[in-house]
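> What follows is a predicted protein model with its sequence.
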Amino acid sequence: MPFNNIESAPNQGQTEPETQTEPETQTETKPEQKKQTVPPSKNHKKFFFTPRTKPTLSQLHHTQKNNLINHHNHVHKPHINAKPEQRHETTLSVWHGDLHKKKPSGGRKRAHRMKRRYEKGSFPTETTLGEPRNKKTRRRGNNIKTRLITTNQANVSDSTTNKTQKTQILRVVQNPANVDYNRRGVITKGTIIETPLGTARVTSRPGQNGLVNAVLTPKEA
């Protein structure tokens, strides 16, 4: 008997062992969950927007309100070497520079630099009649200037007797320097005041010197 087709001829008496196949378990596929973008909270300072979208009016008002609150609650720390008098002296509302003036030829002078700190000025004190009250401020070179806010005393000197006496100011008679000062009774240099010794003319600058010096005016015959 030829044995050419041995592989092709199956064994008739033997049976192949059955392989146990496990039942297929159906795996449930969960749908893909999209990432939820959490909107910014109400207390958030800024809102981040895409280039194509614009913020609503309520969002703009909200950011402006938060910025305003943070601005008022922010504490400005002064410089390490700064003194208490220097903390709020950063503005130049009164400026004594000459960049705004014209040339001697009449041409326009173009500003070639910024304002300087040494050109900073101050507002007038405008001394009035009342209880003695002064104010000390720091000026350039770490100098202290005494400004007389209100006063009712004056050092009156008599040119005939060469004597000076501290007297009380009864009233402000006239201030020829300014019509408004004359109406309000502001005491400046050249003001005519009335004292128990007679009428006197102020020779000092109360807003700059911190005291009132006056000279008796001669009586008209």
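Right, received. Where do you want to start?
> R113 - that's part of a helix, no?
No. When classified by DSSP: H, G, I helix; E, B strand; the rest coil, R113 is found to be coil rather than part of a helix.
> Quick check: pLDDT value at it.
As predicted, R113 sits at a pLDDT of 89.
> Count the residues that sit near the closest residue to it other than its chain neighbours.
Here the nearest residue to R113 in space, its sequence neighbours aside, is L99; by Cβ to Cβ, 6 or more residues apart in numbering that works out to 7.5 Å. From N, CA and C alone the C-beta is placed, and that goes for glycine too. Around L99 sit 14 other residues, with neighbours defined as other Cβ atoms under 10 Å.
> Flag the shaky bits of this protein, pLDDT-wise.
Filtered on pLDDT under 70, the chain yields the residue ranges 1-55, 57, 60-62, 64-91, 220-221.
> Please enumerate the strands of it.
With strands called from DSSP state E, the chain shows them at 128-129, 133-139, 143-151, 153-158, 163-168, 171-174, 192-195, 198-202, 213-216.
> Show me what the shortest one is packed against.
In this case it means strand 128-129. Of the remaining helices and strands, those touching strand 128-129 by 3 or more Cβ pairs under 8 Å, 6 or more residues apart in numbering; DSSP states H and E are strand 143-151.
> so the strand it packs on versus strand 133-139, what angle?
Per axes from the mean of the first three to the mean of the last three Cα atoms, to 10 degrees, the angle that strand 143-151 makes with strand 133-139 is 160 degrees.
> Near T151, how many other residues are there?
Residue neighbour count, defined by other Cβ under 10 Å, stands at 20 for T151.
> right, and the residue nearest to R113 touches A111 too?
Yes. Shown here, L99 and A111 form a contact pair, counting by Cβ atoms under 8 Å, at 4.7 Å.
> Return the residues in contact with the residue nearest to R113.
Residues counted as contacts of L99 (Cβ atoms under 8 Å, 6 or more residues apart in numbering) are K109, A111, H112, R113, K115.
> still on that earlier bit, for the strands of the chain, give me CSV that also has distance to T56.
What follows is those, written out as CSV (distance: least, Cβ to Cβ, whole Å):
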stretch, distance to T56
strand 128-129, 54
strand 133-139, 49
strand 143-151, 52
strand 153-158, 65
strand 163-168, 68
strand 171-174, 61
strand 192-195, 66
strand 198-202, 64
strand 213-216, 67
